[in-house]
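K.L.:
What shape does this take:
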Amino acid sequence: MDCGDIIMKKEKSNLSFWFKQSKGLMLINPNENLVEVYKKKSKSALNMLISAIEKEELDWILDISYYAKYFIVYAVFMKAGIKSEIHDCTISALKRLFVDEKIIGRNIYDELEKSKELRVGALYYDKDFGKEEILKRANKSSEFCLEVEQILDKISKDEISQVRNKFNLLKARDEN
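P.N.:
Reported below is the predicted structural model:
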């Protein structure tokens, strides 16, 4: 990792960077219909993951495993009324808005971030992470999705307000 990569990684971990992106972070009304849509997408990806594992399609295993995790996390965003069309943005916001507020555990953030890194590395840079590492990520998918779905089902109105208030506070700081 060179100096430019370090600066870009630091910049992307700062939500103020994402507030400025046209498809970055924005508040919307919480949307239970979209919560259900993203839960279904996550379950569909988990179903497809079984087939990819059976066929030993390692690249597809990485993709599908990542998307199963990403979709269930995005359902949490819809529950809180936060929109983001950029994956790195969503993952940064997961940490700052949900993990730092102790609504979601750090393990969820770490697993999603690791899955994204593996997917991007394999897809764009043709990195070979080995069958063992790929299957390790895939085998965590069901448990990951179940854990996030349980959080999603239990998240309170107060916690949603807490997240939205932190969003507004961070955005206001950025604008000043």
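K.L.:
what's Y109 in contact with, if anything?
P.N.:
91, 94-95, 99 (CB atoms under 8 Å, 6 or more residues apart in numbering). (C-beta placed from N, C-alpha, C; glycine too.)
K.L.:
which residues are contacting the helix or strand containing A93?
P.N.:
In this structure, A93 is located in helix 87-93 according to DSSP states H and E. For helix 87-93, the external contacting residues (CB under 8 Å, 6+ apart) are 12-15, 18, 21, 23-25, 70, 73-74, 77, 82, 84, 109, 112-113, 116.
K.L.:
Can you tell me which of those residues end up in helices?
P.N.:
When the contacts of helix 87-93 are checked against helices (DSSP state H), the matches are 12-13, 15, 18, 70, 73-74, 77, 109, 112-113, 116.
K.L.:
Mind putting those into a markdown table with pLDDT and distance to L170?
P.N.:
Listed next are these as a markdown table, based on pLDDT from 0 to 100; distance: CB to CB, whole Å:
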| residue | pLDDT | distance to L170 |
| --- | --- | --- |
| K12 | 51 | 15 |
| S13 | 56 | 13 |
| L15 | 75 | 5 |
| W18 | 83 | 10 |
| Y70 | 98 | 22 |
| V73 | 98 | 19 |
| Y74 | 98 | 19 |
| F77 | 98 | 15 |
| Y109 | 97 | 17 |
| L112 | 96 | 20 |
| E113 | 95 | 19 |
| K116 | 93 | 22 |
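K.L.:
Could you save those residues as a markdown table and add columns showing distance to K131?
P.N.:
What follows is the ones in helices among the contacts of helix 87-93, written out as a markdown table (distance: CB to CB, whole Å):
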| residue | distance to K131 |
| --- | --- |
| K12 | 30 |
| S13 | 31 |
| L15 | 36 |
| W18 | 34 |
| Y70 | 22 |
| V73 | 26 |
| Y74 | 28 |
| F77 | 32 |
| Y109 | 25 |
| L112 | 21 |
| E113 | 21 |
| K116 | 19 |
